[in-house]
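Colleague: whatever this is, show me its structure:
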Amino acid sequence: MTPDSEILDQSIDKLDIIEEFKKSCAAMGYKTLKEITDTAPKELLCLEHFSYVWLAELIRFLKENGQLHRLQAIQGNSRI
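Modeller: Below is the predicted model:
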């Protein structure tokens, strides 16, 4: 597993992730995962090229790389 800072700062084009995800990121103006994770989830949902397929791939990739927590900067109410 690549250290988180490297994964988040790498160009999305260089990541081992599906091409549709890469195309959607480019259409939304994102070049790195860090740019995405720095965006509030509520804002992501409002982006013109957002889709739940794109979100599912983002979640899958972040989870696979131990970085899913990056989508929620503030602890939620789940108490889990």
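Colleague: average pLDDT for the biggest helix by length in the chain?
Modeller: Using DSSP state H, we find that the single longest helix of the chain is helix 52-64. Averaged across helix 52-64, the pLDDT comes to 96.
Colleague: elements contacting it?
Modeller: helix 19-28, helix 33-37 (3 or more C-beta pairs under 8 Å, 6 or more residues apart in numbering; DSSP states H and E). (Each C-beta comes from the backbone N, C-alpha and C, glycine too.)
Colleague: from the chain's centroid, how far away is the last one?
Modeller: On the basis of C-alpha atoms, centre = their mean, to the nearest Å, helix 33-37 is displaced by 6 Å from the centre of the chain it belongs to.
Colleague: CA atoms of the next helix or strand after it as PDB?
Modeller: Of the helices and strands lying after helix 33-37 in sequence (DSSP states H and E), the nearest is helix 41-44. Coordinates of each C-alpha in helix 41-44 appear next as PDB, following Å, rounded to 0.1, in the frame of the first residue of the first chain:
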ATOM      1  CA  PRO A  41     -19.300  15.800   0.500                       C
ATOM      2  CA  LYS A  42     -22.300  18.100   0.300                       C
ATOM      3  CA  GLU A  43     -20.500  20.100  -2.400                       C
ATOM      4  CA  LEU A  44     -19.500  17.000  -4.300                       C
END
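Colleague: OK, contacts around E20?
Modeller: Contact analysis of E20 by C-beta atoms under 8 Å, 6 or more residues apart in numbering lists V53, W54, E57.
Colleague: nearest to I12, out of the helices and strands packed on helix 52-64?
Modeller: Set against I12 and scored by C-beta to C-beta, the helices and strands packed on helix 52-64 come closest in helix 19-28, at 4.8 Å.
Colleague: right, I'll call it a day here.
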